[in-house]
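# All I have is the shape, not the residue letters:
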């Protein structure tokens, strides 16, 4: 298992597509830094209540074009490095060779983990970089509920944690983003058992993501929109029932990938 997993991780992370999508994410972060953070850096010495990095970084506000752009297209960026590798393995015969030598369970587990981790890293790393770079210009002042400067309130999801320990809140949200975007990324594997078209497989996470956003905004169920509740600034306040429901559906898609392959093992590869 360890050898197969290492090879899959190397394929997922040591390729030009991974470097390209990380460069895109970091470029969006630097664009946000230049347009929204650098111009207000002198406000720190202005004598008023200082702006806080917790309220101004790309994941901590709801008004910047860069933040909206990043969270809208993030599933597509996550899908580019490694999501079509399973289809390619089936088409080129690699999948059949590795399952004969190492067993299909080890191969599928390694593939699932590599796709999940590649999506999680693409989602979280630019956000972590953005918060770090914002702190180079603005202080990490503790958010105050009564000031009206924070994008969320005490009644929001984990609002009390945000105002009492914003670092822990940030770490929790980055972890939650890594979990959800990693699982959204694995939807390509579930799609790959039904489609052989690489473009359709790669597009599946983005289509599901935008479908949930469209249905949620149309039905006025904003808590169903992952593009809103996965922003640390909570563009749409998360609801535990929707979050757990979507988490269960994403895990269920992974189960479809494993169970379908088990039933169709000989004919699939």
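It's in. In this text the structure is predicted, and so the values were computed from the model without any measurement. Residues are numbered from 1 along each chain as shown.

# What ranges in this structure fall below the confidence cut-off?
1, 44-49, 89, 91-104, 148, 262-269 (pLDDT under 70).

# how does it look with 50?
266-269 (pLDDT under 50).

# Give me the distance between the longest helix along it and the centre of its chain.
Longest helix of the chain, by residue count under DSSP state H: helix 104-134. Distance of helix 104-134 from the chain centroid (Cα atoms, centre = their mean, to the nearest Å) equals 8 Å.

# List the buried residues of it.
Using 16 or more other Cβ atoms under 10 Å as the test for burial, helix 104-134 gives 104, 106-127, 129-131, 133-134. Quick note: C-beta positions are derived from backbone N, CA and C, even for glycine.

# what's the next secondary structure element after the one helix or strand residue 202 maps to?
Using DSSP states H and E, residue 202 sits within helix 198-218. Reading on from helix 198-218 to the C-terminus, the next helix or strand found by DSSP H and E is helix 226-229.

# so what secondary structure elements neighbour that next one?
helix 198-218, helix 240-263 (3 or more Cβ pairs under 8 Å, 6 or more residues apart in numbering; DSSP states H and E).

# Swap in 6 Å and give it another go.
Using 3 or more Cβ pairs under 6 Å, 6 or more residues apart in numbering; DSSP states H and E as the contact test, no helix or strand touches helix 226-229.

# What is the burial count for residue 260?
Other residues near residue 260 come to 16 when the count uses other Cβ atoms under 10 Å.

# dump the residue contacts of it.
Residues counted as contacts of residue 260 (Cβ atoms under 6 Å, 6 or more residues apart in numbering) are residue 193.

# helix, strand or coil for residue 154?
coil (DSSP: H, G, I helix; E, B strand; the rest coil).

# which residues touch it?
145, 160.

# With residue 177 instead?
123, 124, 230.

# ok, now with 10 Å
59, 71, 74, 120, 123, 124, 127, 226, 230, 231, 232 (Cβ atoms under 10 Å, 6 or more residues apart in numbering).

# Ok, residue 160 next?
Per Cβ under 10 Å, 6+ apart, neighbours of residue 160: 145, 154, 169.

# same question, residue 8
Residue 8 makes contacts with 82, 85, 89, 98, 107, 109-115, 117-118, as judged by Cβ under 10 Å, 6+ apart.

# wait, which of those residues is closest to residue 248?
Closest to residue 248 out of the contacts of residue 8 is residue 112 (16.6 Å), distances taken as Cβ to Cβ.

# Identify the residues contacting that closest one.
Contacts of residue 112 by Cβ under 10 Å, 6+ apart are 8, 86, 185, 186, 189, 254, 257, 258.

# since we're on the second one, how many residues are nearby?
Just to be clear, that refers to residue 86. 26.

# for the last one, same thing?
Residue 258 has 16 neighbouring residues, counting by other Cβ under 10 Å.

# Determine the set of other helices and strands touching the helix holding residue 202.
Secondary-structure packing of helix 198-218 (3 or more Cβ pairs under 10 Å, 6 or more residues apart in numbering; DSSP states H and E): helix 65-79, helix 85-92, helix 166-185, helix 187-192, helix 226-229, helix 240-263.

# Deepest-packed of these, please.
helix 187-192 (a mean of 26; mean count of other Cβ atoms under 10 Å).

# one step back: hmm, which two among the contacts of residue 177 are most spread apart?
Checking the contacts of residue 177 with Cβ to Cβ, the most distant pair is 120 and 231, at 16.2 Å.

# Leaving aside the residues adjacent along the chain, what's closest to the spatially most central residue of the chain?
Nearest to the geometric centre of the chain sits residue 181, at 3.1 Å (Cα atoms, centre = their mean). In space, and not counting its chain neighbours, residue 181 is closest to residue 123: 3.7 Å by Cβ to Cβ, 6 or more residues apart in numbering.

# before we move on, what about residue 188?
Using Cβ to Cβ, 6+ apart, the closest residue to residue 188 is residue 83 (3.9 Å).

# what's the answer for residue 234, then?
residue 152 (5.0 Å).

# Quick check: residue 9 touching residue 118?
Yes. The pair formed by residue 9 and residue 118 meets the contact definition of Cβ atoms under 10 Å, at 8.4 Å.
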